[in-house]
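Trainee: No letters, just coordinates:
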């Protein structure tokens, strides 16, 4: 996807000095040891939020306080209802449509096995899936004989939607795609894909690993059937926590394959031995003993973002991404920008190719305390940079300086 700097400036309407940086955020998150309440080590420039987000101190404190409470009182339960309600409010849905999970991979597995599919039924995916998003469907293909088919991402939302439409056939039962793929950070036109799917009675399962905490997110407005995400990336929440949204409109057609306490009513005695009925909510996928200290951390992470302002966080991250994107476009002979130029198709992740030196560049930056990610998925072999609330323009300039020194 070759980029052109003049086209990019025309699309965004911004020049190098015109990006909407938020000085208050930059100063708050980069001028002290605390880095605005975060525990990031001084001198380390962390640009890999797409893999894992460091938690602010308020999240760590909430987890530790709750853990102490559990150990002091031997009361391991609680906070389930409060957490479900907080997550639902954060996402614009009802609490009975949310199941709390441990990560995106777990949620995708639950979805892949809950949807009734038979041999030959088709699941449509991109060629840019994370392993946790792809393997559950490929595993069901191996075991049950369903068919996985991929389509190509395009440089604009409209063209990508055309690819999706062209790939659909009479066997397509599910469209399972990332909202933002881990590879090039492209924002897919999910709302439009969902509308297309609904018009053809196709279910939608969205891998939402990245948008939660990166940008304002309202799942009701997206309209998808299932949305799976985590709290440990852009929300900067506890590691090993996630959620699965299951729309009340499609819950009745799903078949829970993994169940436990909270999933269903049951009897096991001499007179009756059966699972009598599933609970009437997405909580049928939410079961077993959980670490409620992590729930305290989830609530704290959402409160932290809402206090700052999700619109403000997103605008700041995207402004840094656009600033870096223009640098790449200004040096198009050296770097090949892979993330789309189109404004609606790009967010806070920028990926680019640096010839055959991409992996070496990642290592070089790491040695200089700049943490980025090398992407081998989809045979891209490219560099990925993530920009979030605690990053600053000065840090992007430092990144650019080291890139030029390496080059």
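Mentor: Done, it's in. From a predicted model like this one, the values you see are computed outputs, not experimental measurements.

Trainee: Residue ranges of each domain in the protein, please.
Mentor: Using automatic domain parsing, the domains assigned to the chain come out as 5-47+309-406, 60-305.

Trainee: Pick out the shakiest of the ones you listed, pLDDT-wise.
Mentor: Lowest mean pLDDT of the domains of the chain: domain 5-47+309-406, a mean of 85.

Trainee: if we can go back for a sec, in a markdown table: the domains of the chain, plus distance to residue 53.
Mentor: Placement of C-beta: from N, CA and C, glycine included. What follows is these, written out as a markdown table (distance: least, C-beta to C-beta, whole Å):
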| stretch | distance to residue 53 |
| --- | --- |
| domain 5-47+309-406 | 7 |
| domain 60-305 | 4 |
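
Trainee: What are the buried residues along stretch 160-169?
Mentor: 160, 161, 164, 167, 168 (16 or more other C-beta atoms under 10 Å).

Trainee: Show the contacting residues for the fourth one.
Mentor: With contacts defined as C-beta atoms under 8 Å, 6 or more residues apart in numbering, the neighbours of residue 167 are 124, 149, 150, 151.

Trainee: who wins for most neighbours among those residues?
Mentor: Highest neighbour count within those, by other C-beta atoms under 10 Å: residue 124, with 25 neighbours.

Trainee: close enough to count as contact, that one and residue 172?
Mentor: Yes. Using C-beta atoms under 8 Å, residue 124 is in contact with residue 172, at 5.5 Å.

Trainee: intersection of neighbour lists for the two?
Mentor: residue 149.

Trainee: got the residue ranges for the helices in the chain?
Mentor: Using DSSP state H, the helices of the chain run over 5-12, 23-30, 57-73, 80-91, 104-114, 131-144, 157-167, 190-199, 219-222, 292-308, 310-330, 358-367, 393-406.

Trainee: of all the ones you listed, which lies closest to residue 387?
Mentor: The closest of the helices of the chain to residue 387 is helix 310-330. By C-beta to C-beta, the value is 4.0 Å.

Trainee: Please name every helix or strand in contact with the closest one.
Mentor: helix 5-12, helix 23-30, strand 336-337, strand 349-353, helix 393-406 (3 or more C-beta pairs under 8 Å, 6 or more residues apart in numbering; DSSP states H and E).

Trainee: can you give me the angle that helix makes with helix 393-406?
Mentor: Taking axes from the mean of the first three to the mean of the last three C-alpha atoms, to 10 degrees, one finds that helix 310-330 is oriented at 20 degrees with respect to helix 393-406.

Trainee: Going by neighbour count, which residues in helix 310-330 are buried?
Mentor: Under the neighbour-count criterion of 16+ other C-beta under 10 Å, helix 310-330 has 310, 313-329 buried.

Trainee: Equivalent analysis for stretch 229-239, please.
Mentor: Within stretch 229-239, the residues that count as buried by 16+ other C-beta under 10 Å are 229, 230, 231, 232, 233, 234, 235, 236, 237, 238, 239.

Trainee: Over to stretch 216-225?
Mentor: Going by neighbour count (16+ other C-beta under 10 Å), the buried part of stretch 216-225 is 217, 219, 222, 223, 224, 225.

Trainee: pretty sure the first one contacts residue 89?
Mentor: This points to residue 217. No. Using C-beta under 8 Å, residue 217 is not in contact with residue 89; the gap is 11.9 Å.

Trainee: how far away is residue 364 from residue 50?
Mentor: Residue 364 is 19 Å from residue 50, where distance means C-beta to C-beta, to the nearest Å.

Trainee: Comparing those two, which shows the higher neighbour count?
Mentor: Between residue 364 and residue 50, counted using other C-beta under 10 Å, residue 50 has the larger neighbour count: 26 against 15.

Trainee: And that one, how close does it get to residue 347?
Mentor: Using C-beta to C-beta, residue 50 is found at 10 Å from residue 347.

Trainee: Spit out the residues that contact these two alike.
Mentor: 185, 210.

Trainee: related to what we said a few turns ago, which one of the contacts of residue 167 is nearest to residue 245?
Mentor: residue 124 (19.9 Å).

Trainee: Excluding covalently adjacent residues, which one is nearest to that closest one?
Mentor: residue 175 (4.8 Å; C-beta to C-beta, 6 or more residues apart in numbering).

Trainee: Now for the one you found: which residues touch it?
Mentor: Residue 175 makes contacts with 123, 124, 125, 164, 168, 193, 197, 202, 203, 204, 205, as judged by C-beta under 8 Å, 6+ apart.

Trainee: So the fourth one versus residue 175, what's the distance?
Mentor: Separation of residue 164 from residue 175 (C-beta to C-beta) stands at 7 Å.
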